[in-house]
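**Student:** Okay, structure incoming, though there's no sequence with it:
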DNA sequence: TATCATGCCTTGTGTCGCAAGGTATCTGTC
DNA sequence: GACAGATACCTTGCGACACAAGGCATGATA
């Protein structure tokens, strides 16, 4: 798990927006989706994830709706707004160019399509 | 330039160690090396870089020596200690695996050697 | 009945990037 | 001689945020 707090910090926003855009919709599910989609390498702590969702909602990038699960539990479902969708593309591009720049300095492989 | 503070935060340590390991040795030079080696994409502000160097020195990963430049100005030259060299390999590996995990989630190209 | 998984949340602490400021020297140029 | 610009180091104050650690409530399972 991403024990170093500085790492997740740089990518949490695009990750969360991407996962919501891809179908994950409520906090608890998103937290597990982060782990699954990263092959168990990334962990979004609850104390990190929930405030992040609230920030994104406050900025108008997410919209939340309360629904009941089939078992009757309350869930807070999130969807991307139009701004959220646009913002996802921005931060994704930002992250890609950033990580390529870092890889260049570190002498790491170039990113290429397989 | 890396206007988003959360980005540089995740990679400053490996970057600085790598540049010093690669020959850059004093603060002012390192700050320019960050820009040059990243093709102008990354910027390490002085208020970011100098405290970072002090932290690394305090942790025993860097050792500093004052020297005079050919023009007579004082420069604080840094070199990696043994611990610093080992730590560089650790954080480099950490960053590579992290960035690959993020790219996986974002559906970005796999990292491959060109 | 108790425990676990689900599902939401908050507060306190510490770290750290950045803006903005400071000091000093050397090399020009006017 | 004066002044600007590059070089070279540094610090303080502010704000943002990850994480640990806690809390609360419900449904399923044993």
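**Tutor:** Thanks, I have it. Since the structure is predicted, the reported quantities are computational estimates derived from the model, not experimental observations.
**Student:** just checking, what packs against the top helix by length along chain A?
**Tutor:** Longest helix in chain A, counting residues (DSSP state H): helix A:82-106. Here helix A:82-106 touches helix A:5-21, helix B:5-21, helix B:27-37, helix B:82-106, going by 3 or more C-beta pairs under 8 Å, 6 or more residues apart in numbering or on different chains; DSSP states H and E. (Glycine included, C-beta is placed from N, CA and C.)
**Student:** Can you list the low-confidence ranges for chain A?
**Tutor:** A:1-2, A:109-114 (pLDDT under 70).
**Student:** and residue A:79, which of the three is it?
**Tutor:** strand (DSSP: H, G, I helix; E, B strand; the rest coil).
**Student:** oh, I was asking about residue A:55
**Tutor:** Applying three-state DSSP: residue A:55 is helix.
**Student:** What residues does the closest residue in space to residue A:28 that isn't next to it in sequence make contact with?
**Tutor:** Closest residue to residue A:28 apart from its sequence neighbours, by C-beta to C-beta, 6 or more residues apart in numbering or on different chains: residue A:75 at 7.5 Å. Residues near residue A:75 by C-beta atoms under 8 Å, 6 or more residues apart in numbering or on different chains: A:26, A:28, A:66-69.
**Student:** Now a PyMOL select for only the buried ones of those.
**Tutor:** In PyMOL, a selection of the buried entries from the contacts of residue A:75 looks like this (16 or more other C-beta atoms under 10 Å in any protein chain shown):
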select buried, chain A and resi 26
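**Student:** re the thing from before, what about the one helix or strand the residue nearest to residue A:28 maps to, near DNA strand D?
**Tutor:** Using DSSP states H and E, residue A:75 maps to strand A:74-80. No. Strand A:74-80 stays clear of DNA strand D (C-beta under 7 Å from any atom of the strand), getting no nearer than 7.6 Å.
**Student:** distance of the residue sitting nearest the centre point of chain A from residue A:37?
**Tutor:** Centroid check for chain A by C-alpha atoms, centre = their mean gives residue A:16 as the closest residue, at 1.7 Å. As defined by C-beta to C-beta, to the nearest Å, residue A:16 lies at a distance of 11 Å from residue A:37.
**Student:** returning to what we had before: so how far is the longest helix of chain A from its chain's centroid?
**Tutor:** In terms of C-alpha atoms, centre = their mean, to the nearest Å, the centre of helix A:82-106 is set 13 Å apart from its chain centre.
**Student:** Show me what whichever strand or helix holds residue A:64 is packed up against.
**Tutor:** According to DSSP H and E, residue A:64 maps onto strand A:62-68. Counting contacts by 3+ C-beta pairs under 8 Å, 6+ apart, strand A:62-68 packs against helix A:46-58, strand A:74-80.
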